[in-house]
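1. next input, structure requested:
(one chain, ligands or ions: 1)
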Amino acid sequence: MHSTIDLPTAFPIDLRSDTVTQPTPAMRQAMAAALVGDDVYGEDPTINRLEEMVAARLGKEAALFVPSGTMGNLIAVLSHCGRGDEMILGDQSHIFHYEQGGAAAVGGVHPRTLPNRPDGTLDVQQIEDAIRSDNEHYPITRLIALENTQNRCGGSVLTPDYMEAVGALAQAHGLKLHVDGARLWNAAVALGVSPARLVATADSVSVCFSKGLAAPVGSAVAGSQEFIRRARRMRKQVGGGMRQAGVLAAAALVALEEMVERLAEDHAHARRLAHGLAAIDGIRLDPASVQTNIVYFDVVKPGWRAAQLSTALAAVGVLVNPTASQRLRAVTHYPITAVDIERTVAAVGEALLTEFSRSAP
Ligand SMILES: *Cc1c(COP(=O)(O)O)cnc(C)c1O
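-> Take a look at the predicted model:
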C-alpha cells in the first residue's frame with residue numbers, strides 16, 4: 001500500500017502493549033554478572049536482594065519473586081482463600097478477564113464481580129453490600145481485589161484516599177485486601193506518591209517488572225511474613241519454584257533502581273498521543289481520561305472498524321491493538337520516543353484519509 005508518511009519499516013512503532021518493551025543495556029550487563037544460587041533452597045543472593053528491595057519499596061514485611069503477574073495474583077488469591085470462598089473484584093479487572101479464571105479453576109475461589117466505574121474504582125457502598133452475611137446459602141466472603149492502575153479503565157489511577165477507604169472496609173469486615181499492582185509504579189509516579197502509601201492498607205500486592213519497567217521477565221508479591229510463607233508454598237505447588245533465577249532478578253533490580261521515575265516520560269507521551277488523536281476527524285477520545293501510559297480511542301468514521309484501522313496502521317509500521325469493534329488501545333513504554341508519537345498521530349490521520357474510499361461500502 002502507498003503511504004506518504006516516512007516511517008522506518010525495519011522497526012515498527014509497537015504500541016500494542018508495554019509488555020513488548022526490551023531490556024536495557026544495563027539490564028543485560030547485570031544479568032550477565034549476576035551472582036546466583038538455588039532459590040528453592042533460598043540461596044540465590046540476587047533474588048534475596050530483590051525481594052528485600054521490593055518489600056521495602058512497598059512497605060511490607062516480605063516479598064516473593066514469581067515468574068509472571070498472573071502467577072503472582074493466583075498465588076495471592078490462593079493464599080488468602082480456600083475452596084468455595086468468595087472474592088469481590090471489578091468486572092473489568094485483569095484477574096477476572098485475562099487470567100483464565102485461574103482462581104476458580106485451580107483454587108475453587110468464587111468470583112463476585114462489581115462494576116468498575118470509568119475511573120477504575122468500585123463503589124465502596126456496593127462493596128459493603130456485596131459482603132455476605134452468615135447464612136448457609138452463601139459462600140464466605142474472604143477477599144477484596146483492586147487493580148491499580150486499572151488497565152481496562154484506561155490505566156486509571158486509584159488514589160491513596162480510595163485505597164484507604166477500601167482497606168478500612170476490608171478490615172472492618174475481617175476481609176483481606178489484595179492489590180493487583182502490575183502497574184502500581186505508574187500509579188505512584190502519576191500521583192506523585194510512594195507505592196508504599198498506595199498499598200498501606202493492603203494485605204497483599206502483586207507488582208510487575210516486565211511492563212513499563214522494561215525487565216524481560218518477572219513479578220513479585222509482597223505482604224506479611226506469614227502471607228509470604230504461604231505464598232512461597234503455593235508458588236512451588238503451581239510450579240513457580242525457580243532455581244538460578246537471579247539472572248532474571250538482576251534485571252528486575254535494574255528496573256526498580258533505574259526505570260521507575262522515567263515512567264513519567266511514558267505518561268507524557270500518552271497525553272501527547274491522546275491530544276494528537278483527539279484532533280483527528282473520525283477519532284474520538286477524551287484526552288483528560290488519560291492518566292498514565294494507556295490510551296483507548298474509538299474510530300467513529302462511517303464504514304470504519306477498529307480492526308481495519310489496526311491493519312492499515314500495521315502496513316505503515318504502527319502497531320496498535322483493536323479491543324472492540326470500534327475501539328483501539330495504544331500503550332506507551334520504553335523506548336517509544338516523542339518522534340514515534342508524532343509519527344503515530346500522522347499515520348492515523350493519513351490512514352483514515354487514504355483508506356476511507358476503499359473501505360467504504
Ligand atoms: C499484565 C498484567 C498482569 C499480569 O500479567 P503477566 O503477563 O502474567 O505478567 C496482571 N494484572 C494486570 C493489571 C496486568 O496488566
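
2. just the CA atoms of stretch 143-159, as CSV, please.
-> Extracted C-alpha coordinates of stretch 143-159, given in CSV (Å, rounded to 0.1, in the frame of the first residue of the first chain):
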residue,chain,number,x,y,z
LEU,A,143,-11.1,-11.2,49.8
ILE,A,144,-11.5,-7.9,48.0
ALA,A,145,-9.2,-7.4,45.0
LEU,A,146,-8.5,-4.0,43.5
GLU,A,147,-6.3,-3.1,40.5
ASN,A,148,-4.1,0.0,40.3
THR,A,149,-3.6,1.2,37.7
GLN,A,150,-6.8,-0.2,36.3
ASN,A,151,-5.9,-1.5,32.8
ARG,A,152,-9.3,-1.8,31.1
CYS,A,153,-10.4,1.6,32.6
GLY,A,154,-7.7,3.3,30.6
GLY,A,155,-4.8,2.8,33.0
SER,A,156,-6.7,5.0,35.5
VAL,A,157,-5.2,5.5,39.0
LEU,A,158,-6.8,4.7,42.3
THR,A,159,-5.9,7.4,44.9
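
3. got the buried residues for it?
-> Within stretch 143-159, the residues that qualify as buried are 143-158, counting by 16 or more other Cβ atoms under 10 Å. Glycine gets a C-beta too; all of them are placed from N, C-alpha and C.

4. that one: how far from the chain's middle?
-> 9 Å (Cα atoms, centre = their mean, to the nearest Å).

5. is it in proximity to the ligand?
-> Yes. Using Cβ under 6 Å from any ligand atom, stretch 143-159 reaches the ligand at Glu147, Asn151.

6. and the buried residues of stretch 143-159, which two are furthest apart?
-> Farthest pair in these (Cβ to Cβ) is Leu143 and Gly154. Separation: 25.0 Å.

7. so who does Lys211 touch?
-> By Cβ atoms under 8 Å, 6 or more residues apart in numbering, Lys211 lies in contact with Ser17, Asp18, Thr19, Thr21, Gly69, Ala182, Arg183, His333.

8. let's see that with 6 Å instead.
-> Asp18, Ala182, Arg183 (Cβ atoms under 6 Å, 6 or more residues apart in numbering).

9. what sits against the closest residue to it other than its chain neighbours?
-> Sequence neighbours aside, Asp18 is the residue nearest to Lys211 in space, at 4.5 Å (criterion: Cβ to Cβ, 6 or more residues apart in numbering). Asp18 makes contact with Lys211, Gly212, Val331, His333, according to Cβ under 6 Å, 6+ apart.

10. any chance of those residues in TSV, with distance to Ala56 and pLDDT too?
-> Output for the contacts of Asp18, formatted as TSV (distance: Cβ to Cβ, whole Å; pLDDT from 0 to 100):
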residue	distance to Ala56	pLDDT
Lys211	21	96
Gly212	20	97
Val331	28	98
His333	25	97
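
11. what about those, which are in strands?
-> Val331 (DSSP state E).

12. list just the nearest of the contacts of Asp18 to the ligand.
-> Nearest to the ligand among the contacts of Asp18, counting by Cβ to the nearest ligand atom, is Lys211 at 5.9 Å.

13. the closest residue to the ligand within the chain: what's it in contact with?
-> Residue of the chain nearest the ligand, by Cβ to the nearest ligand atom: Gly69 (2.3 Å). Gly69 makes contact with Ala182, Ser206, Cys208, Ser219 under the criterion Cβ under 6 Å, 6+ apart.

14. count the neighbours of Thr121 for me.
-> By the criterion of other Cβ atoms under 10 Å, Thr121 has 21 neighbours.

15. then Gly239?
-> Neighbours around Gly239, by other Cβ under 10 Å: 9.

16. any idea which element it lies in?
-> Assignment of secondary structure by DSSP states H and E places Gly239 within no helix or strand.

17. that one and Arg232: what is the separation?
-> Using Cβ to Cβ, to the nearest Å, Gly239 is found at 13 Å from Arg232.

18. do Asn135 as well
-> Applying Cβ to Cβ to Asn135 and Arg232 gives a distance of 35 Å.

19. who's more crowded, those two?
-> Comparing Asn135 with Arg232 by other Cβ under 10 Å, the one with more neighbours is Arg232, at 20 against 6.
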